[in-house]
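**Q** Here is my input, please return the structure:
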Amino acid sequence: MLPNTQHSLDKLEALLKDLGYRVRYEKGNFKTGACVLQSSKVVVVNRFSNLEMKIGALMGILRDMPTDSGTLDEKQKQFLRSIKQTKLTI
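**A** Sure, this is the predicted structure:
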């Protein structure tokens, strides 16, 4: 489990970026999610969510999405594997 720190959020954002996704923080009444819009991979995060919710949402997206880890270095592949093996406990 990742600690709820800004560093953890930065690591998740960097991993998504290396997987080809763009992370955007927007205002609004919506849940965080990922989509492909006109062949552009975008993850939209609710700006008003707290740090714990942002980290949990990004981990959930990474866990559920099919990923091609061929573009990642070995350290990032290991990080992605650890995320995919982690279950959220509420």
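
**Q** center of the chain - which residue?
**A** Leu58 (3.0 Å; CA atoms, centre = their mean).

**Q** Can you tell me the element that residue falls in?
**A** Taking DSSP states H and E as the criterion, the element that holds Leu58 is helix 51-64.

**Q** helix or strand right after that helix?
**A** Tracing the chain past helix 51-64, the next element assigned as helix or strand by DSSP H and E is helix 74-85.

**Q** name the helices or strands packed onto that next one?
**A** Helices and strands in packing contact with helix 74-85 are listed as helix 6-18, helix 51-64; criterion 3 or more CB pairs under 8 Å, 6 or more residues apart in numbering; DSSP states H and E. Every C-beta, even on glycine, is put in place using the N, C-alpha and C of the backbone.

**Q** Name the stretch among those that sits most buried.
**A** Ranked by mean neighbour count under mean count of other CB atoms under 10 Å, the helices and strands packed on helix 74-85 are led by helix 51-64, which reaches a mean of 17.

**Q** now it against helix 6-18, angle please.
**A** Helix 51-64 and helix 6-18 meet at an angle of 30 degrees, taking axes from the mean of the first three to the mean of the last three CA atoms, to 10 degrees as the criterion.

**Q** I'd say Arg24 and Lys41 touch.
**A** No. Under the contact definition of CB atoms under 8 Å, Arg24 does not touch Lys41, with a separation of 11.2 Å.

**Q** Neighbour count: those two, which is higher?
**A** Set side by side, Arg24 and Lys41 show more neighbours around Lys41, with 14 against 10, by other CB atoms under 10 Å.

**Q** hmm, back to that, find out how far the helix holding Leu58 is from the centre of the chain, if you would.
**A** Taking CA atoms, centre = their mean, to the nearest Å, the mean C-alpha location of helix 51-64 is offset from the chain mean by 5 Å.

**Q** Tyr25 against Phe48, yeah?
**A** No. If you go by CB under 8 Å, Tyr25 and Phe48 don't touch, sitting 9.4 Å apart.

**Q** what bits of the chain have low per-residue confidence?
**A** Regions of the chain meeting the criterion pLDDT under 70 cover residues 1, 33-38, 87-90.
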